[in-house]
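A.B. asks: Kindly generate the corresponding structure for this input.
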Amino acid sequence: MPRGTSLSLLTEMVQDESRTSSATSRGVDHRAYLQRLIKRVQQELYDDYDWPFMRITRDAAGKDMAAGQRYYDFPTALNPDRISRVWHQFGGLWTPLDQGITPAEYNAYDSDADVRADPPQKWDWYGESQFEVWPLPASANGEVRFEGMKSLTLLSNDAATADLDDHLIVLFCAAEVLAPNNQKDASLKLQKAQRRLATLRGNLGTQKRVVFGARAENGKRRETTLRVVRAV
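C.D. replies: Next up, the predicted model:
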């Protein structure tokens, strides 16, 4: 699978597949449009499927606990919106850590009053980039480790490289570029893109889409869930 292709090369590949140039069209720079399209297509493919090679593993997914510390930054490589499970290690044993800290928990161990106990029993989101553990660790002998997806590369410049298959991204982009003009190649490119997607997913051993817990409608995080939808 050809991953790690630069945004600059991906742009050229889309131009070749759609037989377009970098010339300005209707006052909009075509290259800039293609790069926005590439970023969106990769994001959509990342959001829609559970790619096994994008799952975060081992030390990159862990955070050491500190005595009395309530809030922690998520591991840098982790996408907090794609967490599937959380574990806590204490005394040499790994146990699941449930998500959701409510006033009932604070009644038992009041974090505001600096009440501490080992091991932590629950975790929850705190803002956009941090998580909370409860109760406050009494010692620095534990570790929280996440299972989930790595954050997607943003493709913020020409040298940035894609995390997903370049031919897959390019074919979906080319189909979209060609579609508005009803060009005959649009349908062919889309069919090729769909076939490649099916092939890649088959080779990776994943024929199901996995959807991880996300935001609730009120803007707050909801309890992490795992929902599997059979692929079509």
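
A.B. asks: Give the helix, strand or coil label for Arg3.
C.D. replies: Three-state call for Arg3 (DSSP: H, G, I helix; E, B strand; the rest coil): coil.

A.B. asks: Show me the longest strand that occurs in the chain.
C.D. replies: With DSSP state E applied, the strand covering the greatest number of residues in the chain is identified as strand 78-90.

A.B. asks: mind listing what's buried in that strand?
C.D. replies: For strand 78-90, burial by neighbour count (16 or more other Cβ atoms under 10 Å) applies to Leu78, Asn79, Pro80, Asp81, Arg82, Ile83, Ser84, Val86, Trp87, His88, Gln89, Phe90. Placement of C-beta: from N, CA and C, glycine included.

A.B. asks: and the fourth one, how far is that from Leu152?
C.D. replies: Yep, that's Asp81 we're talking about. For Asp81, the distance to Leu152 equals 11 Å [Cβ to Cβ, to the nearest Å].

A.B. asks: Same question for Ser6.
C.D. replies: Taken as Cβ to Cβ, the spacing of Ser6 relative to Leu152 amounts to 15 Å.

A.B. asks: So for the two, which sits in the more crowded spot?
C.D. replies: Summary of the neighbour comparison: Ser6 and Leu152, criterion other Cβ atoms under 10 Å, with Leu152 having more neighbours (19 against 16).

A.B. asks: Now the two most distant members of the buried residues of strand 78-90.
C.D. replies: Asp81 and Phe90 (26.8 Å; Cβ to Cβ).

A.B. asks: neighbouring contacts of the strand or helix carrying Glu12?
C.D. replies: In the assignment (DSSP states H and E), Glu12 maps to helix 7-18. Contact with helix 7-18 is made by 5, 20-22, 31, 34-35, 37-39, 155, 157-162, 166, 169-171, 173-174, 177-178, 185, 189, as judged by Cβ atoms under 8 Å, 6 or more residues apart in numbering.
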